[in-house]
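Asks: Here you go, sequence then predicted model.
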Amino acid sequence: MIYLDNAATSWPKPEAVYRAMDHFMRHTGANPGRSAHQPSIEAGRIIYETRESLATLFGIGDPTRVVLTSNATEALNLVIKGLLQSGDHVITSSVEHNSVMRPLRAAEKRGVEVTVVRCMPEGILHPPHIEQAIRSNTRLIALNHASNVVGTLLPIAEVGLIARQHGVLFLVDAAQTAGCYPIDVEATSIDLLAFSGHKGLYGPQGTGGLYIREGIESSIEPLKYGGTGSRSEHEYQPDFLPDKYESGTPNSVGLAGLGAGVRFVLEQGVPEIQEREQELIRFLTDGLRAIPDVTVYGDSDPQGRVAVVSFNISGLTPSEVAMQLEEDHQIMCRPGLHCSPMGHKTLGTFPQGAVRLSPGYFNPNEDLERTLKAVGKIAAARARC
Amino acid sequence: METERYSVVLFHSMSNALQVEKLLKGMGMAVKLIPVPRQLSSDCGICLRFDRRDEPRVKATLEKKGIEIQGIHPMSR
Ligand SMILES: Cc1ncc(COP(=O)(O)O)c(C=O)c1O
């Protein structure tokens, strides 16, 4: 099997991730931070180390500013539902994932005003368009770091600066970039960073997180309330991080795996991973563009994108192409709208969508050579009909 | 156990306790996270035990890192 759906979730994972999870299940087991016996403390320690590794990766000074969640979606909901109030204005882009768009559309019903700044068809965003959209009641700019449809990177450093100058909070959705593109919350003025644990950070599914800049938590309500293992004598939610936003027994085994995944990333080095993925995406996009009847979407410059490419074969629907890739060539991809109807409207591929290939750090070159051959065959067979 | 030798730091949260444990261990101090002794009470149920002779270094580290604590108490029988 050739797995080219790493933008949905990465697979395989580094060996250390499997080992950390197996070890946790067999030998640690206990509920972290709830009891004071050594296995419980050890479970807490493992989770703390995951927090610490994430802090190192994103340039965060204090690991307790990292709130662990079940995925990027939960992190994004936490901010959008917990921060925005009726009368607030929020700015976002037209290549957002539904994990941003849907909570925003729901917030609109509560009286929050939403401006969607349009990107170019290649997914490129011009920072001045964001600045022009700022009003006196703008509370938040929520921006995807890289489109999960075309892989195009958005100019978060420039937008971060604009947000800072105007006193607007800046939320970045790093689901597609965490682990494979350098991120520094200080250098890019990020106030809130939402990320998936199960994509470029190589953790298991059901992991993710949110960085919250110091001081902002006083204006963000928790998504859930409950037991935290701290301040147990109080009936009110603690107000300090991470406990304020981490009620209930966590996904400890998953977070043990996530810690091992992040340490793998730190050992390899983000620039090394980025370079490898750029090599893969350059090879794949160049190869696809050379096939007659294939349309490739997005920025042609591999420097400006992550390892995601979407294409269509004329005369075939994305799902037909995906089915042939799987059945005849054992290649796993993802057809359709990729949870981003607006992203596809931006590209001009709504409502049929596109076929998305997302290679990962572990794909050998042969996987892509075989994929290009397979796409060539499918396109040629269609052209003969 | 010679409890006279030890003091404990009480924290508001488990994350802080774990953070400080790691810092002090990294500095070569023999510290251990233990359940909070019966006569004390803490927000998070665990505390960090250290050799009383290390108290100045422990306090300096907490201050330097800006970590709020509930208090430091000698362990007594
Ligand atoms: C850009 C983007 N944002 C958010 C998400 C949601 O991530 P998760 O599945 O971790 O909730 C995804 C992935 O599905 C994504 O690609």
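Replies: Nice, I can see it. Numbers count the residues shown, from 1 in each chain, chains lettered A, B, ... in the order given.
Asks: quick one, phi/psi of residue A:92?
Replies: Dihedral angles of residue A:92 (phi, psi; degrees, to the nearest 10) stand at phi -140, psi -180.
Asks: now the nearest residue to it once chain neighbours are set aside, which residues is it bridged with?
Replies: Spatial nearest neighbour of residue A:92, excluding adjacent residues (Cβ to Cβ, 6 or more residues apart in numbering or on different chains): residue A:142 at 4.7 Å. Every C-beta, even on glycine, is put in place using the N, C-alpha and C of the backbone. Going by DSSP bridges, residue A:142 is paired in beta bridges with residue A:92, residue A:171.
Asks: any idea how far residue A:142 is from the ligand?
Replies: 11 Å (Cβ to the nearest ligand atom, to the nearest Å).
Asks: Now do the buried residues in whichever helix in chain B runs longest.
Replies: Looking only at chain B and at elements set by DSSP state H, the helix with the highest residue count is helix B:14-26. For helix B:14-26, a neighbour-count test (16 or more other Cβ atoms under 10 Å in any protein chain shown) marks B:14, B:15, B:16, B:17, B:18, B:19, B:20, B:21, B:22, B:23, B:24 as buried.
Asks: just to revisit the earlier point, I figured the residue nearest to residue A:92 was touching residue A:107, is that so?
Replies: No. Applying Cβ atoms under 8 Å as the test, residue A:142 and residue A:107 come out as separate, 10.5 Å apart.
Asks: any common contacting residues for those two?
Replies: Jointly contacting residue A:142 and residue A:107 under the rule Cβ atoms under 8 Å, 6 or more residues apart in numbering or on different chains are A:80, A:90.
Asks: on that earlier part again, mind putting the buried residues of helix B:14-26 into JSON lines with distance to the ligand and pLDDT?
Replies: Formatted as JSON lines, the buried residues of helix B:14-26 follow (distance: Cβ to the nearest ligand atom, whole Å; pLDDT from 0 to 100):
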{"residue": "B:14", "distance to the ligand": "25", "pLDDT": "87"}
{"residue": "B:15", "distance to the ligand": "23", "pLDDT": "90"}
{"residue": "B:16", "distance to the ligand": "28", "pLDDT": "91"}
{"residue": "B:17", "distance to the ligand": "29", "pLDDT": "93"}
{"residue": "B:18", "distance to the ligand": "25", "pLDDT": "93"}
{"residue": "B:19", "distance to the ligand": "26", "pLDDT": "93"}
{"residue": "B:20", "distance to the ligand": "31", "pLDDT": "95"}
{"residue": "B:21", "distance to the ligand": "30", "pLDDT": "95"}
{"residue": "B:22", "distance to the ligand": "28", "pLDDT": "93"}
{"residue": "B:23", "distance to the ligand": "31", "pLDDT": "94"}
{"residue": "B:24", "distance to the ligand": "35", "pLDDT": "96"}
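Asks: Show me which of these is closest to residue A:246.
Replies: Nearest to residue A:246, judged by Cβ to Cβ, of these is residue B:15 at 9.1 Å.
Asks: That closest one against residue A:238, yeah?
Replies: No. Assessed by Cβ under 8 Å, residue B:15 is found out of contact with residue A:238, at 10.9 Å.
Asks: and residue A:361, how many neighbours?
Replies: Neighbours of residue A:361 under the rule other Cβ atoms under 10 Å in any protein chain shown: 21.
Asks: same deal with residue A:316?
Replies: Neighbours around residue A:316, by other Cβ under 10 Å: 19.
Asks: Ok, residue A:87 next?
Replies: Residues lying near residue A:87 (other Cβ under 10 Å) number 11.
Asks: thought it was touching residue A:138?
Replies: No. Look at residue A:87 against residue A:138 with Cβ under 8 Å: they stay out of range, at 11.3 Å.
Asks: With distance to chain A as extra columns, can I get the buried residues of helix B:14-26 in TSV?
Replies: Formatted as TSV, these follow (distance: Cβ to the nearest Cβ, whole Å):
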residue	distance to chain A
B:14	4
B:15	5
B:16	7
B:17	8
B:18	4
B:19	7
B:20	11
B:21	8
B:22	7
B:23	11
B:24	13
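Asks: Redo those residues as JSON lines? Include distance to residue A:312.
Replies: Output for the buried residues of helix B:14-26, formatted as JSON lines (distance: Cβ to Cβ, whole Å):
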{"residue": "B:14", "distance to residue A:312": "51"}
{"residue": "B:15", "distance to residue A:312": "48"}
{"residue": "B:16", "distance to residue A:312": "53"}
{"residue": "B:17", "distance to residue A:312": "55"}
{"residue": "B:18", "distance to residue A:312": "50"}
{"residue": "B:19", "distance to residue A:312": "50"}
{"residue": "B:20", "distance to residue A:312": "56"}
{"residue": "B:21", "distance to residue A:312": "55"}
{"residue": "B:22", "distance to residue A:312": "51"}
{"residue": "B:23", "distance to residue A:312": "54"}
{"residue": "B:24", "distance to residue A:312": "59"}
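Asks: Cool, thanks, talk later.
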